[in-house]
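>>> Starting from these lines, generate the structure:
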Amino acid sequence: MKAAELLRLGFALVVGWTDPEGSRPYLGALLVAYYDPEGRLVYAGRAGSGIKQAELARLWRRLQPLSTSEMPLAVPPPRDSVEPRPLGPAGTRRRRQVSHLDR
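Next up, the predicted model:
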């Protein structure tokens with residue numbers, strides 16, 4: 001399952017972002033994670049291709065106050081981090097337990 005789909009379904013949290021490349025402003029991709037059955041936050045991948053510039057600006061403004069130097073993952077990807085927080089429509093849905101994910 002792709003990271004963007006995990007976010008949409010409410011299985012995942014945003015834990016950071018990559019730097020923007022080329023002419024893309026604000027941020028590159030969102031770093032996404034999920035809780036495994038033991039309660040560990042596990043990196044799931046990146047999401048964010050196709051996000052329009054206005055949405056990138058909105059995400060950037062929401063992520064800045066959450067920025068932290070501590071990556072919440074056991075094995076962190078080498079990028080900027082934020083406190084784990086749902087940022088999309090999935091944030092209002094009931095959380096479901098994840099037992100297995102195909103990467």
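
>>> Can you classify S23 as helix, strand or coil?
Three-state call for S23 (DSSP: H, G, I helix; E, B strand; the rest coil): coil.

>>> Quick check: phi and psi at it.
For S23, the backbone dihedrals are phi -90, psi 0 (criterion: degrees, to the nearest 10).

>>> gap between it and R58?
S23 is 18 Å from R58, where distance means Cβ to Cβ, to the nearest Å. C-beta here means a position set from N, CA and C on the backbone, and glycine is covered the same way.

>>> what about these two, which has more around it?
Set S23 next to R58 and count neighbours by other Cβ atoms under 10 Å: R58 wins out with 14 against 6.

>>> Okay, buried residues for the host helix or strand of that one please.
Here R58, judged by DSSP states H and E, is contained in helix 53-63. For helix 53-63, burial by neighbour count (16 or more other Cβ atoms under 10 Å) applies to L56, L59, L63.

>>> For the closest residue to the first one other than its chain neighbours, give its distance to R61.
Just to be clear, that refers to L56. Counting by Cβ to Cβ, 6 or more residues apart in numbering, Y26 is the residue found nearest to L56 once chain neighbours are left out, at 4.3 Å. For Y26, the distance to R61 equals 9 Å [Cβ to Cβ].

>>> try R85
Distance, R85 to R61, using Cβ to Cβ: 13 Å.
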